[in-house]
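*Asks:* what's the 3D shape of this:
(one chain, ligands or ions: 1)
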Amino acid sequence: MFRVTEEVRFCYGHRLLDYEGPCARIHGHNARVAIELSAPTLDRKGFVADFFDIEKAGKDWILAQFDHRLILREDDPVIPFLKQAGEAFVTLPVNPSAENFAKLIFDHLRAHGAPVTAVSFYETDTAVATYEDR
Ligand SMILES: [Zn+2]
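*Replies:* Modelled structure (predicted):
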């Protein structure tokens, strides 16, 4: 099996609901995402997948969706105040945890036909969540 990994880095703000701890407060992270692609054979170009295609479906999409954005669960009580203040934010139907980011990115890539087998979402240098289908 061949495996390649594409990394994407971005900055985001978030907070977690139904959680007691530092991530319950609005704060930010410098995220690193490792997108792993696998294939038993290579294509005619000698690739598992063309990085150019993966960058469009992965890196470009991730940056457009999440880079320098405040990401909140859709029922976060701060949302009406942000709207009133004209602040930009992104909502998710689930808590913006590293685990949920990993699955969201994985599902997006699969839906775009990428041979993704794992997405690891590094919320910090020492905390990583992985969603995989190997
Ligand atoms: Zn956090």
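
*Asks:* contacts for the helix or strand in which His108 is found?
*Replies:* Using DSSP states H and E, the element containing His108 is helix 98-111. Here helix 98-111 makes contact (Cβ atoms under 8 Å, 6 or more residues apart in numbering) with 31, 33, 35, 54, 57-58, 61-62, 66, 92, 94, 116, 118-123, 127-133. Backbone N, C-alpha and C define where each C-beta goes, glycine included.

*Asks:* What residues of that helix count as buried?
*Replies:* Neighbour counts over helix 98-111 (16 or more other Cβ atoms under 10 Å) mark Ala98, Asn100, Phe101, Ala102, Lys103, Leu104, Ile105, Phe106, His108, Leu109 as buried.

*Asks:* a markdown table for the residues you listed, including pLDDT and distance to Glu6?
*Replies:* A markdown table is the format used below for these (pLDDT from 0 to 100; distance: Cβ to Cβ, whole Å):
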| residue | pLDDT | distance to Glu6 |
| --- | --- | --- |
| Ala98 | 97 | 18 |
| Asn100 | 98 | 20 |
| Phe101 | 97 | 15 |
| Ala102 | 98 | 14 |
| Lys103 | 98 | 17 |
| Leu104 | 97 | 16 |
| Ile105 | 96 | 11 |
| Phe106 | 97 | 13 |
| His108 | 95 | 13 |
| Leu109 | 93 | 10 |
